[in-house]
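Undergrad: Structure, please.
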Amino acid sequence: MIGEFIVRLAVAGLLGAVIGLERELRAKEAGLRTHFLVAVGSALIMLVSKYGFFDIMDHDHVALDPSRVAAQAVSGIGFLGAGMIIIERKSVRGLTTAAGVWATSGIGLTIGSGMYAAGISATILVMIGLELLSIFKTGKALSISFELDDKESVKPILERLSARKIAVTSYQLEQDPGDSSLYHLNIKARAKHNGTLQDLLRELDELPHILSANLE
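TA: Prediction:
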C-alpha cells in the first residue's frame, strides 16, 4: 500500500510540474516549483483524508467523513490563488495563473484518490486551455526591451504599440544604476498578427530617444 501511495504522489507531482513548466516559460507569478508542490500537497491531503484514519475506524461510537480533510484543500488553494492576483493600473493580472493553481490542486486530489485516468485527462485539458485557447484569444506573447535616453519616450512607444493592436500587459521602467541618463524599459504584450515583427521594430526605431530595441 505504501508503494501505491508513493506512486500517486509522484504522478501528481509530475502532472503539476507539466502545468507549472508552461507557466514558468511564460514568466508567470507561479511556476514549476509552485505547481509541483500544490499537486503533491493536494495528493497527500487526499491520501490522509481517505486512508489516514483507518486505525480508529473500528472503535465504537466513531463515525468519520473521509472527505472532510480533502475538502479543506479547496479552501486553502483559494487563499493561495488570491495572493497571485494583482490589480495594477486598472487592470487585473494573475487570474489565469491562479486558476491554473486551483486546477492543479484538483488534479492532485484526483490522483491522490487513485483516479489516474481522470487526473491525466484533466492535465491534458488544462494544457489545451493554457496553450491553444490563449493563442486563439489573445495572440502571441511578446517581450520587448528598450534602452532609452529619455523616460518621456515611454508614452510614444505605448501609443505606437496600441496603434498596432498590441495589448501591453505590463511594463517596467528602470534607471540605469551606473548612468543616470540611461533608462531600461521592459514591456510584456500580446499581439495578434498585424504585420511582421521586423516592421514593428523598424517602426519603433524611428521614434526619438531609443538607443536600442530588442523583441522576443
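
Undergrad: Against residue 124, how distant is residue 22?
TA: Applying CB to CB, to the nearest Å, the value for residue 22 to residue 124 is 12 Å. Any C-beta I mention is one placed from the backbone N, CA and C, and that applies to glycine too.

Undergrad: quick one, which of these two is more surrounded?
TA: Using other CB atoms under 10 Å as the criterion, residue 22 and residue 124 rank with residue 22 on top: 19 against 12.

Undergrad: Contacts only, for the more buried one.
TA: Residues in contact with residue 22 (CB atoms under 8 Å, 6 or more residues apart in numbering) are 127, 130, 131.

Undergrad: one more time with 10 Å, if that's ok
TA: 28, 31, 32, 35, 100, 126, 127, 130, 131, 134 (CB atoms under 10 Å, 6 or more residues apart in numbering).

Undergrad: Now for the second one: which residues touch it?
TA: It refers to residue 31. Contacts of residue 31 by CB under 10 Å, 6+ apart are 17, 19, 20, 21, 22, 23, 24, 25, 97.

Undergrad: mind listing which of those are in helices?
TA: 17, 19, 20, 21, 22, 23, 24, 25, 97 (DSSP state H).

Undergrad: Check the burial of residue 178 by counting its neighbours.
TA: Residue 178 has 6 nearby residues by other CB under 10 Å.

Undergrad: Nice, that's everything, thank you.
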